[in-house]
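1. Build me a structure from this.
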Amino acid sequence: MTALVQYDVEGPLARITLDSPHNRNALSRQLVTELLAALERAGDDDGVRVVQLGATGSVFCSGADLSEASSVPMEEGARGIVEVQRRILALPKPVVTRLQGAVRAGGTGIVAASDVVVAAERATFALTEVKLGLAPAVISLTVLPRMTSRAAALTCLGGEVFDAHAARDYGLVTTVVPTDELDAAVAAQVASLATGAPQGLRETKALLTRDLLAGIDQHAETVIAQSARLFGSPEAREAMAAFLSRAKG
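-> Residues are numbered from 1 along each chain as shown. Now for the predicted structure:
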C-alpha cells in the first residue's frame, strides 16, 4: 500500500507531508490513520522541537473523502477528523502549517488546530459543507474559536471561496507571503520557534491550547453525532453523489 503521509526529520524539525494528490489530499481513512501516527511519532521524539505540516500538489486538503461516505461508518470518519485536530493541539511542540494551495471544508480544521499558519498568496479557502446539505460540525471545534463570529457566519453560511488575506483577517492564518517566498518564510518561522527550550515550548503551548482542548472534550461527541446524521441524510447523499459525478466528469 502506497503511503499517503510522508515523515522526515531534519535536526529539530519533523516534517509531516500529506501526499495524496490524486484525491486532493482528502481525509480518507488511510490518510487520517497515517497522519495520526506521524503526529504521535513527532510528539514522542525528544530531538524534535517543531513540527511542520504541509502537502504535495496544488491543494493542501480538500476535506473529507466523499468517495468513502458509503463505505466508512459515518461516525468513524467524523471521529478521525476530531482526533486529528485534538492531536495537533495536544502535541507538546508547536505545529507550523505550510499552505501552498487550496483548503476546503474539513481541511480547515487542520489549519485551525495549527499553532502558526504561513499561507501563500495563491491559497484559497472555502467552508463548502452548506452547499452539500452538511454543516462544518466536527471542525467547528477549532474553526469557530479561531475566527471572529462575523467571519464564521459569513464563511460557514455562504460556503464561498475566500482568499489568503481574508483568511488572515478572519483569524485562520498567521502570515500571508508571496507564493515564491513561501518556503523561505516557513523556514524562518521554524528556525525561530526551534530556539525555544523544550520545556518552555511544551508548557506555553499547553496554556495556549487549554481552552480549545477543553472545548473538544466537552463537545466532541455532540458534533460527531451531528456530522454522522447529516452525512447519512438523503439530502446530503444526493448532493454528494452529484458532486462526485461532476468531479469525475
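
2. residues contacting the residue nearest the centre of the chain?
-> For the chain, the residue nearest the mean C-alpha position is I110 (1.5 Å; C-alpha atoms, centre = their mean). I110 makes contact with L53, C61, V84, Q85, I88, T97 under the criterion C-beta atoms under 8 Å, 6 or more residues apart in numbering. Using the backbone N, CA and C atoms, a C-beta is placed for each residue, glycine as well.

3. which residues does G106 contact?
-> Residues near G106 by C-beta under 8 Å, 6+ apart: L27, C61, G63, A64, I81, P136, V138, I139.

4. nearest to E238, of these?
-> Distance to E238 across those (C-beta to C-beta) is lowest for A64, with 16.6 Å.

5. Give me the phi and psi angles of the residue lying closest to that closest one once chain neighbours are set aside.
-> The shortest distance from A64 to any residue other than its chain neighbours is 4.7 Å, reached at G106 (C-beta to C-beta, 6 or more residues apart in numbering). Here is the backbone geometry of G106 (degrees, to the nearest 10): phi -60, psi -20.

6. mind checking how far G106 is from A113?
-> Here G106 is placed at a distance of 11 Å from A113 (C-beta to C-beta, to the nearest Å).

7. ditto for A187
-> In terms of C-beta to C-beta, A187 sits 22 Å off from A113.

8. ok so, going back, save the contacts of G106 as CSV, and put in distance to A126 and pLDDT too.
-> Shown next, in CSV, are these (distance: C-beta to C-beta, whole Å; pLDDT from 0 to 100):
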residue, distance to A126, pLDDT
L27, 15, 97
C61, 12, 98
G63, 9, 96
A64, 14, 94
I81, 17, 97
P136, 11, 98
V138, 17, 98
I139, 12, 98
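
9. now these as JSON lines including secondary structure and distance to V118?
-> Converted to JSON lines, the contacts of G106 look like this (DSSP: H, G, I helix; E, B strand; the rest coil; distance: C-beta to C-beta, whole Å):
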{"residue": "L27", "secondary structure": "strand", "distance to V118": "21"}
{"residue": "C61", "secondary structure": "strand", "distance to V118": "15"}
{"residue": "G63", "secondary structure": "coil", "distance to V118": "21"}
{"residue": "A64", "secondary structure": "strand", "distance to V118": "24"}
{"residue": "I81", "secondary structure": "helix", "distance to V118": "23"}
{"residue": "P136", "secondary structure": "coil", "distance to V118": "23"}
{"residue": "V138", "secondary structure": "coil", "distance to V118": "25"}
{"residue": "I139", "secondary structure": "coil", "distance to V118": "20"}
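
10. ok, of those, which one's closest to S149?
-> P136 (14.1 Å).

11. how much space is there between the closest one and T2?
-> Distance from P136 to T2, counting by C-beta to C-beta: 30 Å.

12. If you count surrounding residues, which of those two has more?
-> P136 (24 against 7; other C-beta atoms under 10 Å).

13. so the more buried one sits right up against G159, yeah?
-> No: at 9.5 Å, P136 does not count as touching G159 under the criterion of C-beta atoms under 8 Å.

14. Remind me which helix or strand the residue nearest to Y170 when sequence neighbours are not counted belongs to.
-> Distance criterion C-beta to C-beta, 6+ apart; nearest residue to Y170, sequence neighbours excluded, is A151 at 3.7 Å. Following DSSP states H and E, one finds A151 within helix 149-158.

15. quick one: that helix to chain centroid distance?
-> 18 Å (C-alpha atoms, centre = their mean, to the nearest Å).

16. what does stretch 69-81 give?
-> 16 Å.

17. Could you list the residues in contact with it?
-> So stretch 69-81 is contacted by 27, 29, 32-33, 36, 64-65, 68, 106, 109, 137-139, 220, 223-225, 227-229, 231-232, 237, 240 (C-beta under 8 Å, 6+ apart).

18. Cheers, nothing more for now.
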